[in-house]
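Trainee: I need the structure of the sequence given here:
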Amino acid sequence: MRRTIVTLAAAGVLVAGVLPDFAHAIPAFARRHRLSCTACHDPFPRLKPFGEEFAGNGFWLPEDDQDRDYVNTGDELLRLNRTFPLAARMDLWLQAESDADVASDMQTPWGLKLLSGGLLAKNVGYYFYFYMSERGEVAGVEDAYVHFNDVFGQPLDIMVGQFQTSDPLMKRELRLTFEDYEIYKTRVGDSHINLAYDRGVMVPYTIEATGTDLVAMVVNGNGAPAAENHDFDRDKYKNYGARLMQAVGELGAVGGFGYWGKEQLVDGAVTSVNEVTYYGVDAAIDVNGYAALTGQWLTREDSSPSLADPARADVKTTGLVAELIIAPRRDRSSHYLTLLYNKVDGDLAAHDYESYTAGVTYMMAHNLRLNAEYTLLAKSGDPAVTGIDNNSRISLGVIGGF
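Mentor: The predicted model follows:
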């Protein structure tokens, strides 16, 4: 096992050090607006402020809204792109784990997805992606929403569809590491609620004079399962979330998050109602583009999350995510360093988790990156519950967008 890890690590360092820096084809938005991926990303899929603004405008650049890009139908209320905006992303990983039955694994591809986004009408955009393969299975649609921008001419947006309820916090889809933000995925006991994918409405609003961002959301509160009897929701309850983010000069921002809802848990003749509350704070610091530090602390409280043990009540779970990304040459860097810390600690020890990750990203091209990372697993609960083996690991990745 030790020899396998050393071999993979050496290969990662060699590949990251000797491959040339050149550009290939660029994905849908860059093709549409004839811009480099670096206009929005640093590096992809991580967004720069311009990329955040572009996404917040419903994937629309007013200054580059050219008639040549649309079919002339003679209908002023119909905007059809001459070419359908389509892109793809492929993630391939090689992994080695300590003290595991499978010492090394070629997860190639780990994921393959098709993405599309653009305008439906003035100030109305859309975005979706379809996972053709995730962990070797067809996962289907994950992100999928319509985005109404600047409603009533105000800095008010409305997003309707399927999204992650953690998106206003730290966006899981934009991370550079294989290691995830664990507290957002955690479900407690038999609960269906976490801060990953759900269906509903999200309403962002910006107070420009004070640099304050507000987000409110209403979701089904049971993830994103297939419909049963034409119903996506499994009970009569809806769940509610709120987010406040305040800019602090040019240095960064601080914020708070709250989420409350109920769910009906059913197992045969056994039923119960579980009330779930999240609350927490976070902060983001940017050092002139050279370093970005983001931290999130969350507490989750469940009133009755276990059908097997309904007397087990008032279960508390706390989580911490801290991430530091270092870019030696800011958005012109070819190498990036990521340090990530995860901790989940609660009354149900099966969900406990603690990990330390160090990763290096090398940009072979602006739409192709190589990753080498090591995750030290300091603490883990039941693998059947967390979905994670109790092993430290080395991961080597090739991630491309085209």
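
Trainee: and the gap between the residue lying farthest from the centre of the chain and residue 83?
Mentor: The outermost residue of the chain relative to its centre, with distances by C-alpha atoms, centre = their mean, is residue 74 at 40.1 Å. According to C-beta to C-beta, to the nearest Å, residue 74 stands 20 Å off from residue 83. Quick note: C-beta positions are derived from backbone N, CA and C, even for glycine.

Trainee: Ok, residue 221 next?
Mentor: Counting by C-beta to C-beta, the gap from residue 221 to residue 83 is 38 Å.

Trainee: Mind checking which of those two has more residues around it?
Mentor: For residue 221 versus residue 83, the count of surrounding residues by other C-beta atoms under 10 Å is larger for residue 221: 26 against 10.

Trainee: Pull the contacting residues for that one.
Mentor: 192, 193, 198, 233, 237, 238, 239, 261, 262, 263, 276 (C-beta atoms under 8 Å, 6 or more residues apart in numbering).

Trainee: Quick one, which of those are buried?
Mentor: 192, 193, 198, 233, 237, 239, 261, 262, 263, 276 (16 or more other C-beta atoms under 10 Å).

Trainee: my guess is the third one contacts residue 165, does it?
Mentor: Right, residue 198. Yes - Residue 198 lies in contact with residue 165 (C-beta atoms under 8 Å); the separation is 5.3 Å.

Trainee: so what's in contact with the two at the same time?
Mentor: Contacts common to residue 198 and residue 165, judged by C-beta under 8 Å, 6+ apart, are residue 219.

Trainee: returning to what we had before: can you tell me how far the residue farthest from the centre of the chain sits from residue 80?
Mentor: 12 Å.

Trainee: And for residue 188?
Mentor: 46 Å.

Trainee: Those two: who's more crowded?
Mentor: residue 188 (24 against 13).

Trainee: Relative to residue 306, how far out is that one?
Mentor: Distance from residue 188 to residue 306, by C-beta to C-beta: 8 Å.

Trainee: what is in contact with the two at once?
Mentor: Shared contacts of residue 188 and residue 306 (C-beta under 8 Å, 6+ apart): residue 315.

Trainee: List the residues that contact residue 257.
Mentor: 168, 169, 241, 242, 243, 244, 278, 279, 280, 281, 282, 298.

Trainee: One more pass at 7 Å, please.
Mentor: By C-beta atoms under 7 Å, 6 or more residues apart in numbering, residue 257 lies in contact with 169, 243, 278, 279, 280, 282.

Trainee: and stretch 149-165, which residues are buried?
Mentor: 149, 157, 158, 159, 161, 162, 163, 164, 165.

Trainee: now swap in stretch 195-211 and tell me
Mentor: For stretch 195-211, a neighbour-count test (16+ other C-beta under 10 Å) marks 195, 196, 197, 198, 199, 200, 202, 203, 204, 206 as buried.

Trainee: Show me where the stretch 51-200 of the chain has its strands.
Mentor: 87-97, 104-121, 124-134, 140-148, 158-164, 197-207 (DSSP state E, counting those that start in this stretch).

Trainee: now for the ones you listed, which one comes closest to residue 364?
Mentor: strand 87-97 (13.1 Å; C-beta to C-beta).

Trainee: what angle do the closest one and strand 104-121 make?
Mentor: 160 degrees (axes from the mean of the first three to the mean of the last three C-alpha atoms, to 10 degrees).

Trainee: Could you spell out the sheet neighbours of strand 87-97, each with its direction?
Mentor: strand 104-121 (antiparallel), strand 393-401 (antiparallel) (DSSP bridges).

Trainee: Give me whichever of the ones you listed is most buried.
Mentor: Counting by mean count of other C-beta atoms under 10 Å, strand 393-401 has the highest mean neighbour count of the strands paired with strand 87-97, with a mean of 22.

Trainee: Tell me how far that one lies from the chain's centre.
Mentor: 17 Å (C-alpha atoms, centre = their mean, to the nearest Å).

Trainee: For that strand, give the mean pLDDT please.
Mentor: Average pLDDT, strand 393-401: 95.

Trainee: Tell me the spacing between residue 216 and residue 96.
Mentor: 44 Å.

Trainee: more crowded one of the two?
Mentor: The residue with more neighbours, out of residue 216 and residue 96 and counting by other C-beta under 10 Å, is residue 96; that gives 25 against 14.

Trainee: Which of the three states applies to residue 311?
Mentor: coil (DSSP: H, G, I helix; E, B strand; the rest coil).

Trainee: If residue 113 is in a bridge, with which residues?
Mentor: residue 89, residue 131.

Trainee: again with the one 5 residues further on
Mentor: Each beta-bridge partner of residue 118 is listed here: residue 126, as defined by DSSP bridges.

Trainee: residue nearest the centroid of this protein?
Mentor: residue 172 (2.1 Å).

Trainee: roughly how far apart are the closest residue to it other than its chain neighbours and residue 167?
Mentor: Nearest residue to residue 172, sequence neighbours excluded (C-beta to C-beta, 6 or more residues apart in numbering): residue 181, at 5.6 Å. Distance of residue 181 to residue 167, computed by C-beta to C-beta: 11 Å.

Trainee: Name all residues that make contact with the residue nearest to the centre of the chain.
Mentor: 164, 166, 180, 181, 184.

Trainee: give me the beta-bridge partners of the first one?
Mentor: Legend: beta-bridge partners of residue 164 under DSSP bridges are residue 197.

Trainee: what pLDDT does it get?
Mentor: 95.

Trainee: ditto for the last one
Mentor: Note on residue 184: pLDDT of 97.

Trainee: what's the burial count for it?
Mentor: Using other C-beta under 10 Å, residue 184 is surrounded by 21 other residues.

Trainee: list the contacts for it?
Mentor: 166, 172, 194, 195, 196.
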